[in-house]
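S.K.: okay, here's the prediction I keep looking at, along with the sequence it came from:
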Amino acid sequence: MVRRTGSADLPLHGGKVPKWLADRMTRLGAVITQAIVFHYGRDEYLRRLAHPFWFQSFGAVMGMDWHSSGITTSVIGALKRGLAPLAGEIGIHVCGGRGKHSRQTPQELTSIGERVGFDGDALARASRLVAKVDSAAVQDGFDLYLHGFIVTDEGQWVVVQQGMNGTSRQARRYHWQSEGLKSFVDAPHAAIEGEQQGDIINLTDQRASPSRLGQLDLLMSLSPDRIAREASSLIAASVAPRSRARSAQPLLPHLSMPAHHDVRPSDVLVRRLHATLAAAAERGADDYSELLLMPGVGARTIEALAMVSEVVHGAPYRFADPARFSFAHGGKDRHPFPVPVKVYDQTINVLKSAIRNAKLGQGEELAALKRLDEQARRLERHVSGPPLADLFQRERENSPLYGGRSVFGWEASLQERCPSGLDVEKNTQGAPRGHQKHPQLRRAR
């Protein structure tokens, strides 16, 4: 059966992803994809993309604004750029995108089909039907502006597309999955993201089958008198009390992404964050020596890798709080803190090395990353830690050490921000002495 995996509200968020972050998102998205395919295969990767909670967490771990609709555009764009050179190796192709790129999807599918052997024309038709359903059969007030089609060499696919409601300043993301798909017009979605905002015309709902048949019958009759009678009955029904009978179709899990940009304790399952940090800090020397021995890798990089590892290995229920994954690499708008570029680059380097060595039969580094996720889950029930605000403050204070950067520029050091009145004498490693109370953080440089 087609899986329905949930829904969410996505506030519209302006601005542009800077090139320095877009380039890193391209590399990180590609290497995370490689890790998932290596461990679990292409079909499982498609299942992840069809899961709206995981998709939002995926974008957050890449340094995008954790709550915004911009994650959809940025992730699809990063995957299209990053996976194109790897398509022959991993057998995954990303088509479409935003605006004019979405309209090129059928041609892209036809061209790829000619190269790899699947029926590109059939998939091009599927692409058009998916777009038609979410723009015409589902009339929920959101106008489609993005269509991403991800397909494997076997012809299995996922569609992620997004619509905009300019009046409410909201976006809605729709997830489709070919696995188990039997009909384009009878409950085909893997998920639809967006909160209820009044009555929605959804002719793809299973309960709308009589309506679809009735519409065809009505239009085929072309009888003005009959159409008038039907319209009169609809008007009468609209003023009658609505039935409160319980729907036979269960409600989907709903993820509501708030309008506020800052990350608050209510947005994060803090015990899971504490477990991740504890897994990185308490057992690093014993269990992750393969990672720690890599040049430039320290405790802060291990923390980021632990969160990336959960994106690779975590079960679906663990992605209910996408904001938590912003702790890995911050956010481009400084929420919850500036992007630690040095840590980000080391994360990419470690993952690339792990994938490269695994292909050569040396899987120790990939295995160590998986242990990070396993250790975090074991510690979750027992570990505690400082309040979320303290963790974020720690990151902001140390941001200059990690090459902190945002759309506002590079983060200034304490000495640059406060040239007088503070003791910010540098130590031999170039870190302000005030940061030595967090020695594990200095090791991430």
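M.R.: Cool, the structure landed.
S.K.: which ones are touching the residue nearest to H260 when sequence neighbours are not counted?
M.R.: Nearest residue to H260, sequence neighbours excluded (CB to CB, 6 or more residues apart in numbering): H67, at 7.7 Å. All C-beta atoms are positioned from the backbone trio N, CA, C, and that covers glycine. H67 is in contact with 10-11, 13, 257-261, 267, 322-323, counting by CB atoms under 8 Å, 6 or more residues apart in numbering.
S.K.: mind checking how far H67 is from D267?
M.R.: Noted for H67: a distance of 8 Å to D267, by CB to CB, to the nearest Å.
S.K.: how near is G314 to R324?
M.R.: Taking CB to CB, one finds G314 at 11 Å from R324.
S.K.: neighbour count: these two, which is higher?
M.R.: Neighbours were counted for G314 and for R324 using other CB atoms under 10 Å; R324 has more, 25 against 19.
S.K.: low pLDDT regions in this structure?
M.R.: Low-confidence regions of the chain, defined by pLDDT under 70, span residues 1-8, 136-140, 180-255, 283-287, 414-445.
S.K.: domains of it?
M.R.: 7-203, 205-238, 265-442 (automatic domain parsing).
S.K.: after the lengthiest helix in the chain, next one along is what?
M.R.: Among the segments of the chain that qualify as a helix by DSSP state H, the longest is helix 19-40. Downstream of helix 19-40, the first helix or strand assigned by DSSP states H and E is helix 42-49.
S.K.: outside of that following helix, which residues touch it?
M.R.: 3, 33, 36-37, 54-55, 58, 90-92, 150, 152-154, 156-158, 160, 175, 177-179.
S.K.: next, the angle helix 19-40 makes with it.
M.R.: Orientation of helix 42-49 against helix 19-40 (axes from the mean of the first three to the mean of the last three CA atoms, to 10 degrees) gives an angle of 130 degrees.
S.K.: which parts of the stretch 201-350 of the chain are strands?
M.R.: Using DSSP state E, counting those that start in this stretch, the strands of the stretch 201-350 of the chain run over residues 201-202, 254-256, 339-340.
S.K.: which neighbours do H67 and D267 share?
M.R.: Counting by CB under 8 Å, 6+ apart, the residues touching both H67 and D267 are 258, 323.
S.K.: in stretch 156-176, what counts as buried?
M.R.: Using 16 or more other CB atoms under 10 Å as the test for burial, stretch 156-176 gives 156-165, 168, 170-176.
S.K.: could you pull out the strands for the stretch 1-150 of the chain?
M.R.: Counting by DSSP E, counting those that start in this stretch, the strands of the stretch 1-150 of the chain are 7-11, 92-98, 138-139, 143-152.
S.K.: out of the ones you listed, which gets nearest to K342?
M.R.: Closest of the strands of the stretch 1-150 of the chain to K342 is strand 92-98, at 28.6 Å (criterion: CB to CB).
S.K.: so what does the closest one touch, helix or strand wise?
M.R.: helix 70-83, helix 105-116, strand 143-152 (3 or more CB pairs under 8 Å, 6 or more residues apart in numbering; DSSP states H and E).
S.K.: that one to helix 19-40, inter-axis angle?
M.R.: Strand 92-98 and helix 19-40 meet at an angle of 140 degrees, taking the same axes, to 10 degrees as the criterion.
S.K.: residues in contact with strand 92-98: which ones?
M.R.: Applying CB under 8 Å, 6+ apart, the contact partners of strand 92-98 are 33, 37, 42, 45, 73, 76-77, 79-80, 83-84, 86-87, 102, 104-105, 108-109, 112, 116, 127, 145-153.
S.K.: list the neighbouring strands of it plus their orientation.
M.R.: strand 143-152 (antiparallel) (DSSP bridges).
S.K.: ok so, going back, which one of the helices and strands packed on strand 92-98 lies closest to K352?
M.R.: Nearest to K352 among the helices and strands packed on strand 92-98 is helix 70-83; the distance by CB to CB comes to 11.7 Å.
S.K.: for that closest one, packing partners?
M.R.: Looks like helix 70-83 contacts helix 19-40, helix 52-61, strand 92-98, strand 143-152, strand 157-165 (3+ CB pairs under 8 Å, 6+ apart).
S.K.: redo the ones you listed as JSON lines? Include distance to D373.
M.R.: Output for these, formatted as JSON lines (distance: least, CB to CB, whole Å):
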{"stretch": "helix 19-40", "distance to D373": "11"}
{"stretch": "helix 52-61", "distance to D373": "13"}
{"stretch": "strand 92-98", "distance to D373": "23"}
{"stretch": "strand 143-152", "distance to D373": "24"}
{"stretch": "strand 157-165", "distance to D373": "23"}
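S.K.: so which of these is nearest P336?
M.R.: Per CB to CB, nearest to P336 of those: helix 52-61, 10.2 Å.
S.K.: can you give me how far the closest one is from the chain middle?
M.R.: 2 Å (CA atoms, centre = their mean, to the nearest Å).
S.K.: what angle sits between that helix and strand 157-165?
M.R.: Computed by the same axes, to 10 degrees, the angle between helix 52-61 and strand 157-165 is 80 degrees.
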